[in-house]
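> Just need the structure, nothing else, for what follows:
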Amino acid sequence: MTVVDDVKSRTDIVELIGARVPLKKAGRTFKANCPFHTERTPSFVVFPERGTWRCFGACGTGGDVFSFLERADNLTFSEALSRLAEQAGVAMPNTRKQTETEQRETDALYTALQNAADYFHRILSLSPAGETARRYLQDRGIDEQTVSDFQLGLAPHGWEILKSHLSDLGHSEAQMLAAGLVIEREGEDGSSYDRFRGRLMFPVRDTKGRVIGFGARALDDSQPKYLNSPQTALFDKGAALYAIDRAQEAIRSEGEIVLVEGYMDVLQAHQRGFRNVAAIMGTALTERQVTLARGLTRRYALALDPDAAGEAATRRNIVDAWDIFRQEVVRVRGGVTSLGIRRELPSLRVIALPPNRDPDDVIRNDPDEWRRRVEEATPILDYLIQWEARTPEAVTPEGRREAVSRIFPLITALDNPFEQQAAFAQLAAALKIDESKLEAAVGRPERRLQRGRAVVGNSGIAAPGGSAADIGGRALEDERGDVVEEHLLALCLSNEHDVSEAWQRLNLPDLTEDHFWDPVNRDLWRVLTTGSHVEQAEAIVSNHARQLQSALPMKLDRRGLGRALGDLVRRMLERQLKRQDEEDALAVASLTNEDGDAGEALRAMTEETRRRFTERIEQLRAVQTGRWNRDSRQTDGEYSG
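Residues are numbered from 1 along each chain as shown. Here you go, the predicted structure:
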């Protein structure tokens, strides 16, 4: 038995979920309002005999004890496994990246930062020294509850006040330096002083709510006006989002994250009920910040103060953000991922703000206006085209030429030819240029081949005495579901680009991580299809990936790969449909047994659930007729001739 199996067998799913959600017994199942979205009628069902859970409402997702903890606490699979193993008393293999000494040192930094945040907050809230800061916050419309919720604080005037306080709590000077709380004096060995003095303090936390650094605002004429923690082992300004810990639940439920620039923008938004808002802390949006929110949503809205750094700087920041999202779209489409699996594409919209007003001001004066502006936010490339058309220079021939020179490269960088043509037409219309004249001047955007698709050669040759059916067939004959998963993953790992090409060529249906029942396989699929470049590289060389590849019985040519892939995908979908249909029937039966009214139980299932049920029936019919395999043979025949 593996560690994963051991932990799973020792974890009571009803006890785990029941500690967070009030479960009510319903026949052989338990039901509750879904913890991942707002609803009035319970649609969240736990199946104790199977060790699984499922939402029959808006979420439409499910899983086991690991996936529940991952989603509930925003954990990785490894983190969820470690936590449940500790609770179950299962010893984990010694695969930690940090030694026990290193872990203690890291924990000490978190503790020092939290102690500093506590100290700053007490001074702001209780000390006479905090009167000026309290009055400033009141004038900015920030109430006491928000001050408490975000643990705002005040760094006292004085050179070594915080240092002395933390020393009394047992923190060494080396720890304070490593946490970025003090600065070492030049030329004086062993001497240091407080980094933050006489400033309003904003603790910056990670997704788990741990303090990793600080933002600090001067309350007088001190420069710089804003000061941040330096880069440390825990804090990197370009990889953090202010208030992500408090915003993540709302981001999940609303399906979008709104990114603003400043701390006060966030405080005002959350105070007025707009809780899916986080701040990039005055920096340009970075790829690491996008990655931080990737597990929560694929939809982003960006609100930048158009006058804070000048129009040129604001436009440059928006163009940089567009480039990040263009790369993200290509990555998700499959061009630069290990597998060509279709996914919901990320989108970035820009929230237009009135002149000389930032989000803080708009929200404080008219929350409804803010809500409207977020709803009417413009897709980013459309926004840039409109921006160019609004400039005074756009009325002159020279100004239009410059606008085209700035926008045309962005259009040609799109990897979808239909989007290219639509944007090209939009640019011509916005600048009031005849489309044929624009084409004559700069040409049409070239259709770009998807990156990552390799030319198929003769590298895959079927072994003597073997065939594609051996791979798909062996998995199909084995009753253990994880064997099907392992064969599919082995094919993908061993034939990366060929699988991507075959998947798209045969138009195979998407597989999500929910289709993988083994938690380790599920996590590997998640990384291969949606992970970053670094995550994918680490996963491909992991011990689990190597074991899967070594168990692959043979190499396949192009035709054989298509047939094996079709067999495996069909089996994966077939067993998932069977499980979902069984869970549907069990859930309805349990509700009927308890409530005594099958009609009422069925009415409780949402329209979304009915739609998914109809789709599953259609997919099952396609599976039973073997349509994908037939298409595979026909297509392969066309290419082989």
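
> Check the gap between H157 and I142 for me.
22 Å (CB to CB, to the nearest Å). All C-beta atoms are positioned from the backbone trio N, CA, C, and that covers glycine.

> swap in R294?
30 Å.

> now swap in G89 and tell me
Taken as CB to CB, the span from G89 to I142 is 46 Å.

> Compare H157 and I142 (neighbour count), which wins?
Each of H157 and I142 has its neighbours counted (other CB atoms under 10 Å); I142 has more, 20 against 11.

> tell me the contacts of H515?
For H515, the contacting residues are W525, M572, L573, Q576, by CB atoms under 8 Å, 6 or more residues apart in numbering.

> Correct me if wrong: the last one contacts D514.
Translated: Q576. Yes. At 7.3 Å, Q576 counts as touching D514 under the criterion of CB atoms under 8 Å.

> For the contacts of H515, which entry has the maximal number of neighbours?
Among the contacts of H515, W525 has the most neighbours (other CB under 10 Å), with 25 neighbours.

> Remind me which helix or strand that residue belongs to.
Here W525, judged by DSSP states H and E, is contained in helix 519-530.

> So which elements touch that helix?
With contacts defined as 3 or more CB pairs under 8 Å, 6 or more residues apart in numbering; DSSP states H and E, the packing partners of helix 519-530 are helix 3-10, helix 65-73, helix 77-88, helix 481-494, helix 533-540, helix 543-550.

> Relative to E376, which of these is closest?
Closest of these to E376 is helix 65-73, at 30.9 Å (criterion: CB to CB).

> If you count neighbours, what's buried in that closest one?
Within helix 65-73, the residues that count as buried by 16 or more other CB atoms under 10 Å are V65, F66, S67, F68, L69, E70, R71, A72.

> which one of those is nearest Y383?
Distance ranking of those against Y383, using CB to CB, places R71 first at 32.6 Å.

> Least confident of the helices and strands packed on helix 519-530, on average?
Lowest mean pLDDT within those: helix 533-540, a mean of 69.

> Does the nearest residue in space to Y263 that is not next to it in sequence belong to a helix, a strand or coil?
Counting by CB to CB, 6 or more residues apart in numbering, Y263 lies nearest to F202, which is 4.6 Å off, once chain neighbours are set aside. Classification of F202 using DSSP: H, G, I helix; E, B strand; the rest coil returns strand.

> quick one: stretch 380-400 to chain centroid distance?
Centroid displacement of stretch 380-400 relative to its chain, using CA atoms, centre = their mean, to the nearest Å, is 33 Å.

> Could you number the chain from 58 rather than 1 from now on?
Okay, using 58 as the starting number, the last item reads as stretch 437-457.

> mean confidence for that stretch?
Stretch 437-457 comes out at a mean pLDDT of 88.

> Start and end of that stretch, how far apart?
This stretch, stretch 437-457, spans 20 Å end to end (CA to CA, to the nearest Å).

> next one: stretch 603-622
Start to finish, the residues bounding stretch 603-622 are 19 Å apart (CA to CA).

> got the buried residues for it?
Buried residues in stretch 603-622, counted by 16+ other CB under 10 Å: 605, 609, 611, 613-622.

> Give me the nearest residue to M629, chain neighbours excluded.
Nearest one to M629, counting by CB to CB, 6+ apart, is H572 at 5.2 Å.

> What separation is there between that neighbour and V78?
25 Å.

> Repeat that for L405.
Counting by CB to CB - L405 and V78 are separated by 33 Å.

> who's more crowded, the two?
Counted by other CB under 10 Å, L405 and V78 do not tie: L405 has more neighbours, with 25 against 21.

> got the contact list for the helix or strand where that one lies?
Under the criterion of DSSP H and E, L405 resides in strand 404-407. Applying CB under 8 Å, 6+ apart, the contact partners of strand 404-407 are 355-361, 375, 378-379, 382, 434-437, 440.

> Direction included, what does that strand pair against?
Here strand 404-407 has these sheet partners by DSSP bridges: strand 356-359 (parallel), strand 435-436 (antiparallel).

> Would you mark the buried spots in that strand?
The neighbour-count check on strand 404-407 (16+ other CB under 10 Å) flags S404, L405, R406, V407 as buried.

> Tell me the one of those residues nearest S557?
Using CB to CB, S404 comes nearest to S557 of these, at 23.0 Å.

> Roughly how far does that closest one sit from L438?
S404 sits 11 Å away from L438, going by CB to CB.

> same deal with E96?
36 Å.

> more neighbours, the two?
More crowded of E96 and L438, by other CB under 10 Å: L438, with 25 against 15.

> contacting residues around the residue lying closest to the more buried one once chain neighbours are set aside?
Distance criterion CB to CB, 6+ apart; nearest residue to L438, sequence neighbours excluded, is A480 at 5.8 Å. A480 sits next to L438, I442, L467, I468, L471, P502 when contact means CB under 8 Å, 6+ apart.
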